[in-house]
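[1] Just to be clear, the model below is a prediction. Sequence and coordinates:
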Amino acid sequence: MTRSLMDDTSAKVPLAVIGVFLLLISVITSINLLRMDVSMAKAISSPGEVSAPDTALLYAKADLARAINYAGMDALKQLGETPVIKPDNGSIYFNGTEGAPD
């Protein structure tokens, strides 16, 4: 009853043979896709293109720092012109107007 796979003329293919073929095809496809991914990554990551976003980020950081600095200076100026303190009634700085400027 045991016949060889080569001597079989019934045109039936065992599932193990189909599985092996599918496995080989998937491995070959995965290797080709991996090679394409590596080549695309090398093409995209050239030194000239990577430094451009870094430079843009540095400029953005500098602009934000400058804007925060100007906002802080403006806040300090406004605080100096209109202080938010209320002197004590017994203090020498109290002029009877509840802290309003002269």
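    It's in.

[2] gap between A60 and S4?
    Counting by CB to CB, to the nearest Å, the gap between A60 and S4 amounts to 72 Å. Placement of C-beta: from N, CA and C, glycine included.

[3] What of L58?
    Distance of L58 to S4, given as CB to CB: 72 Å.

[4] elements contacting the longest helix anywhere in the chain?
    Among the elements of the chain assigned as helix by DSSP state H, the one spanning the most residues is helix 47-81. Here helix 47-81 touches no other helix or strand, going by 3 or more CB pairs under 8 Å, 6 or more residues apart in numbering; DSSP states H and E.

[5] pLDDT averaged over that helix - what is it?
    The pLDDT scores in helix 47-81 average 85.

[6] do stretch 4-16 as well
    Averaging pLDDT along stretch 4-16 gives 74.

[7] That stretch spans what distance, first to last residue?
    By CA to CA, to the nearest Å, the extent of stretch 4-16 from end to end equals 15 Å.

[8] Between A60 and S4, tell me which one has more neighbours.
    Neighbour totals were compared for A60 and S4, and A60 leads with 10 against 6 (other CB atoms under 10 Å).
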